[in-house]
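K.L.:
Kindly return the folded structure for what I paste below:
(2 chains)
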Amino acid sequence: MSTQGTAQDIPAVISPSFHNRNRELLLRILIPLAVLATMVLLWHIGVTVSGVPPYILPSPVAVATALVTDWHTLAPALWVTTKITLLSLLLALVGGVAFAIFLVQSRWVEIAFYPIAVILQVTPIVAISPLILIYAPSTQVALLICAFLVAFFPILSNMVQGLKSVDHNLLNLFDLYGASRWQALLYLKLPASLPYFMTGLRIGGGLALIAAVVAEFAAGSAGAGSGLAFRLLEAQYRMNIPRLFAALILLSLLGVAIFALTSFISWLSLHRWHESSLKREN
Amino acid sequence: MNLAETRMPERSIEGRKRPLVTMTSVSKRFSSGTLALSEMSLVVESGEFVSLLGPSGCGKSTALRIIAGLGDASSGMIDWPSSRINSRGLPEGDISFVFQEPTLMPWQTVFGNVHLPLKLRGVSQAAARPRITEALATVGLQDFANAYPRELSGGMRMRVSIARALVTKPKLLLMDEPFAALDEITRQKLNDDVLRLWKQTGITVIFVTHSVFESAYLSNRIVVMKARPGRVHADFPLHTSLERDAHYRTSEEYRQACEKVSTVLLGAIGSGEH
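P.N.:
Take a look at the predicted model:
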């Protein structure tokens, strides 16, 4: 030991690693919160000192008040947007995985159908939404279709990539033991593409929310069944800027929640075996 | 299904042993036009430990893959005189393959990985448990059944791969440079493990390697191959009166065996050059 005595071997503060880990976790939560609080504080001071009218930039207090007083209009809108986002994501997951499995069945199937998926993806949904609005039985369904179209593609392309990147020797092994197509899909290809699926899920989750908002802007839905995007526009028309900010905050919180949820699902299914969730010791 | 009952007799009426597998004039041309294997013939008897030795590009891995049914031969015949053949012309369940990489499923535990060949035949986890435990014990990994591959060292992963190959109780074990990526000490240990397995179970092994020392240590028959096109250069037995163990590694007899194999291999490389 004496020959390899370096600075690293001499602990500066003697503390057990368990204690250290807890402290790091605490700091990881506290530091971003402190930064956020400081920014809100600066915002408040800025608004108060400069005397900007609330219809241009409301203070955080005004936004918080709007969030509480307008909750009865904002909450149903939040629920509508959440429902559309999650439902479209779910449909995109089922559709994307199923279509990916279909595509990789043969090279010719892929050559024939993949371009159609690409065309659907690269066409801006704002441009198709008027058409979808005409064909869809209701605005809600139209929004759902738009959000689905946007979330579908990242899941599809990631899944296709995953299904094709299976270890060649493992495929050989399945062949050697006479595995059926079904067994190879169930026991090898699907589990092997799980990390790719999770990437698709995380991207698709974020995009589904964006698409749900953008589509509602384009569709211009109104009335009881409208989502947060409509409430945003409505607040703008009425110059009710605090409510606009409140709606915006709800949208960000929804985005954060979806991100946290998809990341958690990803961690849950991969942390035991996949390199991406492996803690490196060096 | 009891495999022992359905197997063909290992000896014919004259008392001569039936070969386990015979290759007759097997050639393989890749779609690129390269002739990877030219007119290779090989008869492997039950219980032999055969090393396929040669420089890279001599077709030794190609030959092994063709025997395993991973890729068809362009011409020639593969026969299994003492096995029952399935619809694909393979004695399924009688052969196992160990790749150069451990080739484990990272999302499965050690137990799940070893279970795979049985699972594909519809044997449930509960029914397979005794055989999986036995296979893991054979390679000394009985305490690691619940570990994930990433938690194991390279040598241990290779042992899992060997346990998976043994779980079906195959007659023939095909090994494609299985220890080439491991360090020398781990490699020697695994060599001893494979030798012990071979002695205990009476399994037939075809072992592809590019190491003179490994082939001389392990096999009782060496097939030296040469490249462009891949073909058999020499095929000779390698007998020793000594037990193949740590002492054998330092014995004069082993040194001579290595020298002999080296000389033949040198001939294969020399005459293969243009």
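
K.L.:
pLDDT-wise, which helix or strand of the chain ranks last?
P.N.:
Since no chain was named, I'll use chain A. The helix or strand of chain A with the poorest confidence is helix A:125-135; it has a mean of 82 (mean pLDDT, DSSP states H and E).

K.L.:
right idea, wrong chain: chain B
P.N.:
Least-confident helix or strand in chain B using mean pLDDT, DSSP H and E: helix B:3-6, a mean of 39.

K.L.:
circling back to that earlier point, got the contact list for the least confident helix or strand of chain A?
P.N.:
Identification of contacts with helix A:125-135 by C-beta atoms under 8 Å, 6 or more residues apart in numbering or on different chains yields A:139, A:142, A:145-146, A:149-150, A:211, A:214-215, A:217-219. All C-beta atoms are positioned from the backbone trio N, CA, C, and that covers glycine.

K.L.:
what element comes up after the least confident helix or strand of chain B heading to the C-terminus?
P.N.:
strand B:19-29 (DSSP states H and E).

K.L.:
Describe which strands that following strand pairs with in its sheet and in which direction.
P.N.:
Within its sheet, strand B:19-29 is paired with strand B:35-45 (antiparallel), strand B:75-79 (antiparallel), according to DSSP bridges.

K.L.:
hmm, back to that, which parts of the least confident helix or strand of chain A are buried?
P.N.:
A:125, A:128-129, A:132-133 (16 or more other C-beta atoms under 10 Å in any protein chain shown).

K.L.:
so which of the residues you listed comes closest to A:Gly206?
P.N.:
A:Ile125 (14.8 Å; C-beta to C-beta).

K.L.:
so B:Met225, which of the three states?
P.N.:
strand (DSSP: H, G, I helix; E, B strand; the rest coil).

K.L.:
Contacts only, for it.
P.N.:
B:52-54, B:58-60, B:63, B:231-233, B:268.

K.L.:
Sort out for me which of these are in strands.
P.N.:
Counting by DSSP state E, the contacts of B:Met225 place B:52-53, B:231-233 in strands.

K.L.:
Those residues: which ones sit near chain A?
P.N.:
When C-beta under 8 Å from any C-beta of the partner chain is applied, no member of the ones in strands among the contacts of B:Met225 is adjacent to chain A.

K.L.:
May I ask which two of those residues are separated the most?
P.N.:
B:Leu53 and B:Arg231 (13.4 Å).

K.L.:
Please list the residues of the stretch 101-250 of chain B that sit near chain A.
P.N.:
B:101, B:103, B:105-108, B:116-117, B:119-121, B:148-150, B:168.

K.L.:
Could you chop chain A up by domain?
P.N.:
A:15-51, A:58-277 (automatic domain parsing).

K.L.:
where in the stretch 151-282 of chain A is pLDDT low?
P.N.:
A:221-224, A:276-282 (pLDDT under 70).

K.L.:
interface residues of it facing chain B?
P.N.:
A:167, A:169-170, A:172-179, A:183, A:187-188, A:191-192, A:194, A:272-275, A:278.

K.L.:
do that again at 10 Å, thanks
P.N.:
A:167-180, A:183-184, A:187-188, A:191-192, A:194-195, A:269-270, A:272-275, A:278 (C-beta under 10 Å from any C-beta of the partner chain).

K.L.:
can you give me the strands for chain A?
P.N.:
Under DSSP E, chain A gives no strands.

K.L.:
Going along the chain, name the helices of the stretch 51-200 of chain B.
P.N.:
B:60-68, B:110-119, B:125-138, B:154-166, B:184-201 (DSSP state H, counting those that start in this stretch).

K.L.:
Any residue of the shortest one touching chain A?
P.N.:
Read it as helix B:60-68. Yes - Helix B:60-68 is in contact with chain A by C-beta under 10 Å from any C-beta, via B:65, B:68.

K.L.:
if you average pLDDT over that helix, what comes out?
P.N.:
Helix B:60-68 shows a mean pLDDT of 90 in the predicted model.

K.L.:
What of stretch A:100-120?
P.N.:
Rounded mean pLDDT across stretch A:100-120 is 87.

K.L.:
How about stretch B:101-116?
P.N.:
Rounded mean pLDDT across stretch B:101-116 is 94.

K.L.:
list the buried ones in that stretch?
P.N.:
Buried residues in stretch B:101-116 (16+ other C-beta under 10 Å): B:101-116.

K.L.:
what's across from the residue nearest to B:Ala234 when sequence neighbours are not counted in the sheet?
P.N.:
In space, and not counting its chain neighbours, B:Ala234 is closest to B:Val224: 4.4 Å by C-beta to C-beta, 6 or more residues apart in numbering or on different chains. Beta-bridge partners for B:Val224, by DSSP bridges, are B:Leu53, B:Ala234.

K.L.:
hang on, the earlier thing: what residues are shared contacts of B:Leu53 and B:Arg231?
P.N.:
B:225, B:268 (C-beta atoms under 10 Å, 6 or more residues apart in numbering or on different chains).

K.L.:
Name the residue in those two with the higher neighbour count.
P.N.:
A direct count of neighbours by other C-beta atoms under 10 Å in any protein chain shown for B:Leu53 and B:Arg231 places B:Leu53 higher, at 27 against 21.

K.L.:
and the gap between that one and B:Thr24?
P.N.:
Noted for B:Leu53: a distance of 21 Å to B:Thr24, by C-beta to C-beta, to the nearest Å.

K.L.:
got it, and A:Thr69?
P.N.:
A:Thr69 is 89 Å from B:Thr24, by C-beta to C-beta.

K.L.:
Equivalent analysis for B:Gly54, please.
P.N.:
In terms of C-beta to C-beta, B:Gly54 sits 20 Å off from B:Thr24.

K.L.:
out of the two, which sits in the busier spot?
P.N.:
B:Gly54 (29 against 15).

K.L.:
For the more buried one, list the residues it contacts.
P.N.:
B:60-61, B:63, B:208-210, B:215, B:223-227, B:230-234, B:265, B:268-269, B:272.
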